[in-house]
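S.K.: this one's sequence-less:
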C-alpha cells in the first residue's frame, strides 16, 4: 500500500515511516495538512496516519479535507492526548481507527491487519452484489457425461493449488463460470476475483488496464492507476479470451507468470505480485502459435493445467437437466407456471446443434418462459429454427439405414432420460454398452 504519514514532529514521521516500510509498504510524509493535500494531488494513497494535533492545525479538520480530496482513503488518527471523546469524534468524521501515542510497531501492524480484513470483506460484498445483479441461474457443476466429469474433477483438484489454469472451449460453454468456481474453491477465495476481457480494449489501454500507469505516461493519463494485477493481489486474475491478447503485451504477461514481476506503464519501478492466473479462450492456441500470433513460451506457461469444456451438442446426457433447471429458475423469477418441456420440445432440442452452447440455451429458455401460457414449453414458444424437423425422415419404416435409426433413437432416449443409467435401462443395454455405442455413433 502507499501510506501517507502526517505529523508535525519529524521524529514521529521518521520512526513511523521506518516501521511501515519494514512491513513492505511505500511511504510518503507531510508535516501539515496543506502538504498532505498536495501529496494526494500528486498521487492517491491507500492509508493515512494523521496526528490529531498538527501544531496550529486541528487534525480533525484536516481529516475532513483529506477525505473530501480522496473519499477512498483509509485514515488512522493518533495523538498523545488520547481520550474517548476525541476517538468518537474522529470516527464520526470518517476515521477508520484511532491509536494513542506512543505506539509500537506491533500496534501499527495490527492496524494494517484490520485494514486488510475490512478490504477483503468489502470485496466479498461487492462480488455477492454483482452475482445477485446478474441474476444467473444456479450452476450445480454436476454432469452425466464422463468427459465433463473428468474436466470438473481435474479443475477442482487444481483449484486447491496455485497452478495457472487454461480453460479451452467454444463460446458460451461456461468458461468464466468455471473460472469463478475454481477461485471459490481455492486458497485465494477470500480475496478478489478480477476479470480482464482481452479483446475489449486497444493495446495501449489494455496494458494500462492490466498493469496500471503513472500520471502523464500517455495522452489521457491524468492520474496514477494501479491496474487489475494490483486489484487482484492475493486473489485470482481471470484473463478472458487470452487468445486475442496483443503480441506486444505477451512478454509482459510471461514475466508476470514466471517472475511474479511487472511495471506500470511509464514507470521504471519493479513491482511484485501474488496473483493466481486463470486464462480462457475459444481459439486453438496451438494453431495460433504456429501462425506466429501467440508466443510459444507463453502458451506453455499458461498450459500448466488445461481444461477443455465441450460444446452443448457434445453433452446430450446433460442437455435436458440443464434446460429444466433454467426453466424452473426463469419461471420462478417471472411468476410463470411453466414446469418443464413438452416431448416435442425435447426432440427439437436433441436435433438442434446449439452453436451458442449454454448461453444460447439459457436465452432460448428465458424467451420461451416469457412467451408460454401453459404448464409446458411448446414448440410454438421457441424460435423459428426449432420448428424445422430436420430429422423427421429418420423414423421406423423410413428409407434410412439401421445406423441412422439407431443413432436417432439413442439421441431421443438420452434426451428424455433422467440420466445415463435410466437411458440404458430404456434401451435394454448396460451403461458401458451405451457409452461404447455413443462413442461409435459420435454422440459423446
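M.R.: Yep, it's here. Nothing here was measured: the structure is a model prediction, and the numbers come from that model.

S.K.: so what's the residue lying closest to residue 31 once chain neighbours are set aside up against?
M.R.: The spatial neighbour of residue 31 that comes closest, neighbours along the chain excluded (Cβ to Cβ, 6 or more residues apart in numbering), is residue 8 at 5.4 Å. C-betas here are computed from N, CA, C, even on glycine. Residues in contact with residue 8 (Cβ atoms under 8 Å, 6 or more residues apart in numbering) are 31-32, 51, 53-55, 57.

S.K.: per-domain residue ranges of the protein.
M.R.: Segmentation of the chain into domains, based on automatic domain parsing, reads 2-113, 146-310, 313-441.

S.K.: out of those domains, nearest to residue 120?
M.R.: Minimum separation from residue 120 across these (Cβ to Cβ) falls at domain 146-310, 5.2 Å.

S.K.: give me the distance between the closest one and the centre of its chain.
M.R.: The gap between the average C-alpha position of domain 146-310 and the chain average comes to 10 Å, counting by Cα atoms, centre = their mean, to the nearest Å.

S.K.: as a whole number, average confidence for it?
M.R.: Domain 146-310 shows a mean pLDDT of 92.

S.K.: wait, residue 361 touches residue 325, no?
M.R.: No: the pair formed by residue 361 and residue 325 falls short of the contact definition of Cβ atoms under 8 Å, at 10.3 Å.

S.K.: for the two, indicate the residue with more neighbours.
M.R.: When neighbours are counted by other Cβ atoms under 10 Å, residue 361 comes out ahead of the other of residue 361 and residue 325, with 19 against 16.

S.K.: how close does the residue nearest to residue 31 get to residue 432?
M.R.: Residue 8 sits 81 Å away from residue 432, going by Cβ to Cβ, to the nearest Å.

S.K.: which SSE is the residue nearest to residue 381 when sequence neighbours are not counted in?
M.R.: Nearest residue to residue 381, sequence neighbours excluded (Cβ to Cβ, 6+ apart): residue 368, at 4.1 Å. Residue 368 belongs to helix 357-371 when elements are defined using DSSP states H and E.

S.K.: buried residues in that helix?
M.R.: Within helix 357-371, the residues that qualify as buried by neighbour count (16 or more other Cβ atoms under 10 Å) are 357-358, 360-362, 364-366, 368-369.

S.K.: so can I have CSV of the domains of the chain showing distance to residue 119?
M.R.: What follows is these, written out as CSV (distance: least, Cβ to Cβ, whole Å):
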stretch, distance to residue 119
domain 2-113, 9
domain 146-310, 9
domain 313-441, 33
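
S.K.: right, and those - which one's nearest residue 124?
M.R.: The closest approach between residue 124 and any of the domains of the chain, judged by Cβ to Cβ, belongs to domain 146-310 at 7.1 Å.

S.K.: pull out the buried members of the contacts of residue 8.
M.R.: Under a neighbour-count criterion of 16+ other Cβ under 10 Å, the subset of the contacts of residue 8 counted as buried comprises 31-32, 51, 53-54, 57.

S.K.: mind putting those in CSV, pLDDT included?
M.R.: Formatted as CSV, the entries for these read as follows, by pLDDT from 0 to 100:
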residue, pLDDT
31, 91
32, 91
51, 88
53, 83
54, 85
57, 85
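
S.K.: ok, so of those residues, who is nearest residue 338?
M.R.: The nearest one, if we look at those relative to residue 338 and count by Cβ to Cβ, is residue 51, at 64.8 Å.

S.K.: skip the chain neighbours and tell me the closest residue to that closest one.
M.R.: On the basis of Cβ to Cβ, 6+ apart, the spatially nearest residue to residue 51 that is not a chain neighbour turns out to be residue 7, at 4.3 Å.

S.K.: can you report how many residues lie near the one you found?
M.R.: If you count neighbours by other Cβ under 10 Å, residue 7 ends up with 26.

S.K.: just to revisit the earlier point, which ones among the buried ones among the contacts of residue 8 are found in strands?
M.R.: Secondary structure assignment (DSSP state E) places 51, 53-54, 57 from these within strands.

S.K.: do you know how far the residue nearest to residue 381 is from residue 267?
M.R.: According to Cβ to Cβ, residue 368 and residue 267 sit 53 Å apart.

S.K.: what residues are up against residue 385?
M.R.: Residue 385 makes contact with residue 352, according to Cβ under 8 Å, 6+ apart.

S.K.: residue 348 versus that one, what's the distance?
M.R.: Note on residue 385: its distance to residue 348, by Cβ to Cβ, is 9 Å.

S.K.: can you check which residues contact both of these two?
M.R.: Counting by Cβ under 8 Å, 6+ apart, no residue touches both residue 385 and residue 348.

S.K.: and residue 222, helix, strand or coil?
M.R.: The three-state assignment at residue 222 reads coil, by DSSP: H, G, I helix; E, B strand; the rest coil.

S.K.: leaving out the residues flanking it, which one is nearest to it?
M.R.: Counting by Cβ to Cβ, 6+ apart, residue 222 lies nearest to residue 215, which is 6.7 Å off, once chain neighbours are set aside.

S.K.: tell me how many other residues crowd residue 35.
M.R.: Other residues within reach of residue 35, judged by other Cβ under 10 Å, total 13.

S.K.: er, residue 52 I mean
M.R.: Counted with other Cβ under 10 Å, the burial measure for residue 52 works out to 23 neighbours.

S.K.: got a list of what it touches?
M.R.: When contacts are counted by Cβ under 8 Å, 6+ apart, residue 52 touches 58-60, 77-79, 81, 86, 90.

S.K.: redo that, cut-off 10 Å
M.R.: 58-60, 62-63, 77-82, 86-87, 89-90, 95, 98, 101 (Cβ atoms under 10 Å, 6 or more residues apart in numbering).

S.K.: check residue 355 too.
M.R.: 170-172, 311-313.

S.K.: nice, that's everything, thank you.
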